[in-house]
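A.B. asks: Build me a structure from this.
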Amino acid sequence: MLDWDKYSKVANRFQYKARREDREGLKQEIILQLAKVELKYNGSGKTLSIGGMIRVASYVVADYWRKELRRPPMVSLNDDIEDGDGNTVELIETIADDKAIDLDNWLNAKLWLYQCSERLVRVAYKKVAGYPLTSAEHTYLNRQRKRVQKSLVLA
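C.D. replies: Numbers count the residues shown, from 1 in each chain. Below you'll find the model as predicted:
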C-alpha cells in the first residue's frame, strides 16, 4: 500500500535543495519517484524503508541539478562579449545592419550589370571576351570604377 504522507514528508525535507521557483515541481517529482519505487518493491514482497526513501529523494535532487546545469544560460543583448581583437563590445552591436551592403548580391554580375549603362556593359563584355579596349573605353572604365569606389567608401 502506498503511503503518500510518508512520501510527502520526505519530499518536504528535500524540496528546499532546488531553486525557489522549482521547489514545488521537485517535491512532486520526488513523491512520484517514491511511489514508483514502492510499487516496484511491493511486486517483490518488500517495503521501502525511510533510508531508501531518502536515497531515492537524493537521487531525484541530483538529477534535478544535473539537468539544471546542462541547460544553456540565458543571454541578454546587453551582455558584454569579447570580439576577435580582444575588445569588449555589447552583443547588440554585433547584429547585422539592414542598411549594410549585401556582398553576395553586390558581387552577382547580373544584378550589377542591370544597374549599369549600356556603354559600360559593352566595355565590360569586350574586356571579358578579350577584345582590346580603345583609349576612350579605358578612360570611361576607369572613371566608372572610381565612381563606384567613392560610393562604397561613403556608404
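A.B. asks: Show me the domain layout of the chain.
C.D. replies: 4-70, 97-154 (automatic domain parsing).
A.B. asks: Report the mean per-residue pLDDT for the shortest one.
C.D. replies: Per-residue pLDDT values over domain 97-154 give a mean of 82.
A.B. asks: From the chain's centroid, how far away is that domain?
C.D. replies: 39 Å (Cα atoms, centre = their mean, to the nearest Å).
A.B. asks: Tell me where the chain has helices.
C.D. replies: In the chain, the segments counted as helices under DSSP state H are 4-14, 23-43, 50-70, 103-107, 109-114, 118-129, 135-154.
A.B. asks: ok so, going back, using TSV, please lay out the domains of the chain together with mean neighbour count and distance to Asp80.
C.D. replies: Every C-beta, even on glycine, is put in place using the N, C-alpha and C of the backbone. Below are the domains of the chain laid out as TSV (neighbours: other Cβ atoms under 10 Å; distance: least, Cβ to Cβ, whole Å):
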stretch	mean neighbour count	distance to Asp80
domain 4-70	15	23
domain 97-154	11	20
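A.B. asks: And those domains: which comes nearest Thr88?
C.D. replies: domain 97-154 (20.1 Å; Cβ to Cβ).
A.B. asks: sorry, back to before: with Gly86 as the reference, name the closest of the domains of the chain.
C.D. replies: domain 97-154 (22.9 Å).
A.B. asks: how about the helices of the chain, which one is nearest Glu82?
C.D. replies: Closest approach to Glu82 among the helices of the chain (Cβ to Cβ): helix 50-70, 23.5 Å.
A.B. asks: Mean confidence (pLDDT) on that closest one, please.
C.D. replies: In this model, helix 50-70 carries a mean pLDDT of 95.
A.B. asks: which residues touch it?
C.D. replies: Residues from elsewhere that reach helix 50-70 (Cβ atoms under 8 Å, 6 or more residues apart in numbering): 6-7, 10-11, 13-14, 17-19, 22, 26, 29-30, 33-34, 37, 48.
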